[in-house]
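Enquirer: no FASTA, just this:
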Ligand code: GLV
């Protein structure tokens, strides 16, 4: 019997590729090649399994052409790049990578908040430009976190990991979510549930987006929310760019209607809205929340394992990360 063919859309940690080499015949694409739907549509019919990135557009029309394909394993927890209902109709399994990136993302959200609340970006640019002439009592004053309210939109695994860290910094946790958390989790975080996102935005000193991108969360942070947010408040986004109306956010930052934003994700990656690039107190990072050696390897192994299991006919109920 011929070995199954596996396409990995771009280079990932070596030992994950070595693991999949034992499962089938692996092809690794060059960075960016499969960010195009046309290339994917053309090549995917030759493969039994796909490991793709969050930038790979796995649309219905791509899946319809891929007659041998049995599984799409996303090298990410968020899978808004995949038409899951089309895959289901076509009998193609979809896997993602929950849990393994939770702690890295929790750390990163905290770091992004601290960098933004204490103006790391503007202050570092100031220093590198040769403007540091000595300690100043009024230079780069920021917002202290102790006693402030962190409003988390989307209190799943990553939202909770961020909440635990923020609580250790003395912040008070508020959250909105599709459903209220069980009381034991709420009490361990001393978290208060606020079902209405507008009310959450009104009460929060920091508003953090930790929800998936869905039709309901697209542009959840719009002009109305930005107008409601207090003037001293900060927005943090490590979820997906389109959860925020970027142009309106840039305007709010330039006008000073909120005081800062820490963004790891953008509406049209890799493009960043030019008005954000020039906005004050804005920490902009290139989608790296899960980027640690340990986590990227764990992401790869979890996705690879789903491929191995599906190709060997394992029952769906035994595969932990199918969506
Ligand atoms: C990264 O953004 C992920 O969804 O894993």
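Expert: Everything's here; your move. The structure displayed is predicted, hence computed values, not measured ones. Residues are numbered from 1 along each chain as shown.
Enquirer: Show me which residues of the helix ranked longest in the chain are buried.
Expert: When the chain is parsed with DSSP state H, its longest helix is helix 293-311. By 16 or more other C-beta atoms under 10 Å, the buried positions in helix 293-311 come out as 295-311. Backbone N, C-alpha and C define where each C-beta goes, glycine included.
Enquirer: now swap in stretch 309-318 and tell me
Expert: For stretch 309-318, by 16+ other C-beta under 10 Å, it's 309, 310, 311.
Enquirer: which stretches of this protein form helices?
Expert: 14-21, 37-43, 60-65, 84-89, 102-117, 120-128, 157-168, 183-189, 197-203, 223-228, 246-255, 274-277, 293-311.
Enquirer: need those in a markdown table with distance to residue 142 and mean pLDDT, can you?
Expert: Shown next, in a markdown table, are the helices of the chain (distance: least, C-beta to C-beta, whole Å; pLDDT from 0 to 100):
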| stretch | distance to residue 142 | mean pLDDT |
| --- | --- | --- |
| helix 14-21 | 40 | 98 |
| helix 37-43 | 43 | 96 |
| helix 60-65 | 46 | 97 |
| helix 84-89 | 41 | 98 |
| helix 102-117 | 5 | 98 |
| helix 120-128 | 9 | 97 |
| helix 157-168 | 16 | 98 |
| helix 183-189 | 24 | 98 |
| helix 197-203 | 21 | 98 |
| helix 223-228 | 20 | 98 |
| helix 246-255 | 15 | 98 |
| helix 274-277 | 20 | 98 |
| helix 293-311 | 28 | 98 |
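Enquirer: Export the ones you listed as TSV, with columns for distance to the ligand.
Expert: Shown next, in TSV, are the helices of the chain (distance: least, C-beta to the nearest ligand atom, whole Å):
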stretch	distance to the ligand
helix 14-21	15
helix 37-43	19
helix 60-65	19
helix 84-89	14
helix 102-117	8
helix 120-128	21
helix 157-168	9
helix 183-189	22
helix 197-203	21
helix 223-228	22
helix 246-255	17
helix 274-277	18
helix 293-311	7
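Enquirer: and of these, who's closest to residue 144?
Expert: Closest to residue 144 of the helices of the chain is helix 102-117 (C-beta to C-beta; 7.8 Å).
Enquirer: who touches that closest one?
Expert: Helix 102-117 is contacted by residues 120-121, 142-145, 150, 157-158, 161-162, 164-166, 169, 206, 208, 210, 234, 236, 238, 260-262, 264, 281-283, 285, 288-292, 294-295 when judged by C-beta atoms under 8 Å, 6 or more residues apart in numbering.
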